[in-house]
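> Sequence and computational prediction follow.
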Amino acid sequence: MLTDYHSHLEKGTLTIDYLKQFVDTAKEKGIQEFGISEHAYHFYETKNIVSKPWMEERRYYKMDDYVDLFKRADQLGMDVRMSIEMDYTPGKHAEMEAFIKSYPFDYVIGSVHWVEDFGIDLAEYRKEWDRRDLYDTYRSYYDQIVTLAESNLFDIVGHIDLVKIFKYVPTDQEFLLEQYERITDALKNSKTCVEISSAGLRKPVGRIYPEPELLSLCYKKGIPIVLSSDAHEPHQVGENYESSIKLAKEIGYTKLMTFQNGERKEVDLG
């Protein structure tokens, strides 16, 4: 079996016709488990959790409309999971938990995109990388990955080493391995799976998330995986999956985790 649990409708509309383009592409790519995980900051109902000027310019959905879209898809026999990608926000655990419990998500992705006021993966903030201490940024980023895992609020951690996106990477391998050890220690004690995301291959870094060394630690510590493309357009669904599958199998993975109605089931990796 193959999964693609990380994709977004934000470049189009919350309509059946647009959703169908994603679902049809998943079928064409042989992906049996497909889900939409729209960014939580797009929804008015998350304003008490995540609120930055950049987000407020992009907050234009209502959760009721999102839930209704998936209800209509189900009525039409469309096999698609409903998820959300939540910007993990330190100090907002109670608010995140309340939001997650308020809707019938099949699974929930938690991701770190911000280090305080620094949008680490946004082109608008790219020059900030040259103004900040690289090691401090990495340490702060992975601090949040640790507490994300410890919160046990999320089924999947998204693009776990997104911090490398613009190729700003510490040369001190010992430092990186220290970060990998502490985040995998936190993950092994949580319910949170790691996604192998092919999205990194179309980003400036040109590498899969996560790095092989990090994924190897996940495997050794028994942390389950899913496959994802982080598609923002229909044609990106399942993109570069041959590379993701190859990496997973080289590391030793033979199983994937699947989700439906908040329940999880391990299946053979296709």
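Noted; the coordinates are in hand. Residues are numbered from 1 along each chain as shown.
> what are the ranges of the helices in the chain?
For the chain, applying DSSP state H gives helices covering 16-28, 53-56, 63-75, 93-101, 134-151, 173-188, 212-220, 241-251.
> Go through those and name the closest to A231.
With Cβ to Cβ as the criterion, A231 lies closest to helix 16-28 of the helices of the chain, at 6.9 Å. Glycine gets a C-beta too; all of them are placed from N, C-alpha and C.
> what about A123, how many residues close to it?
Per other Cβ atoms under 10 Å, the neighbour tally for A123 reads 9.
> And for the spatially most central residue of the chain, nearest residue in space, chain neighbours not counted?
Residue closest to the average C-alpha location in the chain (Cα atoms, centre = their mean): G158, at 2.5 Å. Spatially, and ignoring its direct neighbours in sequence, G158 is nearest to S111 (3.5 Å; Cβ to Cβ, 6 or more residues apart in numbering).
> Next: E97.
E97 sits nearest to L153 (Cβ to Cβ, 6+ apart), 5.8 Å away.
> burial count for the one you found?
Neighbour count for L153, taken as other Cβ under 10 Å: 20.
> For stretch 115-135, which residues meet the burial criterion?
Using 16 or more other Cβ atoms under 10 Å as the test for burial, stretch 115-135 gives V115, F118, G119, I120, D121, Y125, E128, L134.
> Return the set of residues that bridge with the second one.
Think F118. Assessed by DSSP bridges, F118 has beta-bridge partners V115.
> A40: how many residues sit nearby?
27.
> By mean pLDDT, point me to the weakest helix or strand of the protein.
helix 53-56 (a mean of 94; mean pLDDT, DSSP states H and E).
> now P204: how far from E195?
Going from P204 to E195 by Cβ to Cβ, to the nearest Å gives 20 Å.
> More neighbours: which of the two?
Taking other Cβ under 10 Å, P204 and E195 do not tie; E195 has more neighbours (27 against 14).
> Run through the bridge partners of the closest residue to the more buried one other than its chain neighbours.
Leaving aside its sequence neighbours, E195 sits nearest to S228 (Cβ to Cβ, 6+ apart; 4.3 Å). For S228, the residues forming beta bridges with it (DSSP bridges) are S197.
> hang on, S228 packs against L2?
No: counting by Cβ atoms under 8 Å, S228 stays clear of L2, with 10.5 Å between them.
> and K255, what does it touch?
P224, I225, E266, V267, D268, L269 (Cβ atoms under 8 Å, 6 or more residues apart in numbering).
> which residues sit in contact with the fifth one?
D268 makes contact with M1, T254, K255, L256, according to Cβ under 8 Å, 6+ apart.
> Give me the distance between it and K255.
For D268, the distance to K255 - Cβ to Cβ - is 6 Å.
> now the second one
According to Cβ to Cβ, I225 and K255 sit 8 Å apart.
> follow-up on the earlier one: neighbour count for S228 and L2, which is higher?
S228 (27 against 20).
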